[in-house]
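Trainee: coords please:
(one chain, ligands or ions: 1)
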Amino acid sequence: MADTLDRALLEWYDSRRRDLPWRRQRDPYRIWVSEVMLQQTRVETAIPYYLRWLERFPDLLSLARAPEEEVLALWSGLGYYSRARNLHAAVREVASRYGGEVPRDPDAFAALPGVGEYTAGAVLSIAYGLRLPAVDGNALRVLVRLGALEGDITRTAVRREAVRLAARLVPEDRPGDFNQALMELGGSVCVPRRPRCGDCPITAWCEARRRGLEGVLPRRTRRPAAPAVPLAAALIRDGSGRVGLARRPAVGLLAGMWGLPAFEVGAETPAGAVAAALERHLEEAHGLRVRVGPPVARARHVFSHRTWEMTAFAGDLLEAPPEGPGWRWLTPGELEGFPLPRAFSRLVEAAGLVPAAPAGRPERRRSTR
Ligand code: SF4
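Mentor: Okay, here's the model as predicted:
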């Protein structure tokens, strides 16, 4: 058996590493794309998206030149569109400020939109071989157990301590593989509920195991459930059956995305007055006169900090459909391929306008690389 932790972990990784498309080369742009896709998506789900993406945007400059709408359409189905928009914005900045070359300086790279410490560490260690830690949720769990860090894992101080531990452990030789090995170990062996310490290559160095704490670490205080917020949306059809989509405000939840015109219903609005409040909202926020009818669909969508309890009401236009950059009018067929945020696609599915997403649609979850 290897006599250092990094050797033991790398030997284990070499014996089981999967042949994944982003592991076949060291192109920083391609590794960056894979890292962004894997942040909330399983490997199996991400692979076809990754391959399609590279077919259309094989290099950084092709992505930088692409219109946002096309970028979002290709991302459609992966959810969390802010990831795609940030990647697009960051790539454009790399094209204009760094001549299209992903910067090697961790601070410069981490300052790009949506990058941050984890992505910078992962991309730069894998692509350029820089000795940097990359701590995702899986690696964090391993590190907390390895160092027997007793604090609440959701606290920044504990996370910082884990990153410092990772920074000490990551070797000069093969830092990118080491980081991936640590994440893989967390995803397959050092799993949340019952870590499989008998199969673990670094059990000899694990402080939690030595103290019998592997079953209780990491500690976590329960967060209160995300509050439920009612959302009233208008399903407005024009004379030819097209559905009206409005661009959401530039700040706030789903900023700048397209969706059914909608508003969060405050506690001051009684249930019987929601339709009238929606009429007022359409007039005040969109300058649109609509007769709001009965509810036609309901759906629920959970964000990290709130849950939308959504109701779509039928809406009859009392004037010509508005045009301009804030509105789109789409047939149900066009709606089906349109990159709507998942919250609104749930609602149009519930209304029977588009078929329900097939089983196996990407789950919003942490990567299990
Ligand atoms: S010995 Fe057990 S708790 Fe420690 S790192 Fe390995 S799997 Fe995790």
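Trainee: Nearest to the ligand: which residue in the stretch 201-350 of the chain?
Mentor: Of all residues in the stretch 201-350 of the chain, Cys206 sits closest to the ligand, at 3.2 Å by CB to the nearest ligand atom. Quick note: C-beta positions are derived from backbone N, CA and C, even for glycine.
Trainee: My guess is that residue contacts Cys200. True?
Mentor: Yes: Cys206 lies in contact with Cys200 (CB atoms under 8 Å); the separation is 7.1 Å.
Trainee: Could I get the contacting residues of Thr311?
Mentor: In this structure, Thr311 makes contact with 230-233, 274, 295, 297-298, judged by CB atoms under 8 Å, 6 or more residues apart in numbering.
Trainee: Return the subset of those residues lying in helices.
Mentor: Val274 (DSSP state H).
Trainee: Pull out the buried members of the contacts of Thr311.
Mentor: Buried members of these, scored by 16 or more other CB atoms under 10 Å, are 230-233, 274, 295, 297.
Trainee: neighbouring contacts of the lowest-mean-pLDDT helix or strand in the chain?
Mentor: The helix or strand of the chain with the poorest confidence is helix 332-336; it has a mean of 88 (mean pLDDT, DSSP states H and E). Helix 332-336 has contacts (CB under 8 Å, 6+ apart) with 241, 243, 348, 353-355.
Trainee: if we can go back for a sec, can you lay out the contacts of Thr311 as JSON lines showing distance to the ligand?
Mentor: Output for those, formatted as JSON lines (distance: CB to the nearest ligand atom, whole Å):
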{"residue": "Pro230", "distance to the ligand": "43"}
{"residue": "Leu231", "distance to the ligand": "41"}
{"residue": "Ala232", "distance to the ligand": "47"}
{"residue": "Ala233", "distance to the ligand": "45"}
{"residue": "Val274", "distance to the ligand": "50"}
{"residue": "Pro295", "distance to the ligand": "49"}
{"residue": "Ala297", "distance to the ligand": "45"}
{"residue": "Arg298", "distance to the ligand": "43"}
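Trainee: Return the subset of the contacts of Thr311 lying in strands.
Mentor: 230-233, 295, 297-298 (DSSP state E).
Trainee: which one of those is nearest Leu169?
Mentor: Using CB to CB, the shortest approach to Leu169 within the ones in strands among the contacts of Thr311 belongs to Leu231, at 45.6 Å.
Trainee: and the closest one, what pLDDT?
Mentor: Leu231 carries a pLDDT value of 97.
Trainee: could you check the distance from it over to Met310?
Mentor: 5 Å (CB to CB, to the nearest Å).
Trainee: which residues do these two both contact?
Mentor: Ala262.
Trainee: what are the phi and psi values for Ala246?
Mentor: phi -110, psi 140 (degrees, to the nearest 10).
Trainee: Quick one: neighbours of the nearest residue to it once chain neighbours are set aside, just the number.
Mentor: Once flanking residues are discounted, Ala246 sits nearest to Pro261: 4.2 Å by CB to CB, 6 or more residues apart in numbering. If you count neighbours by other CB atoms under 10 Å, Pro261 ends up with 24.
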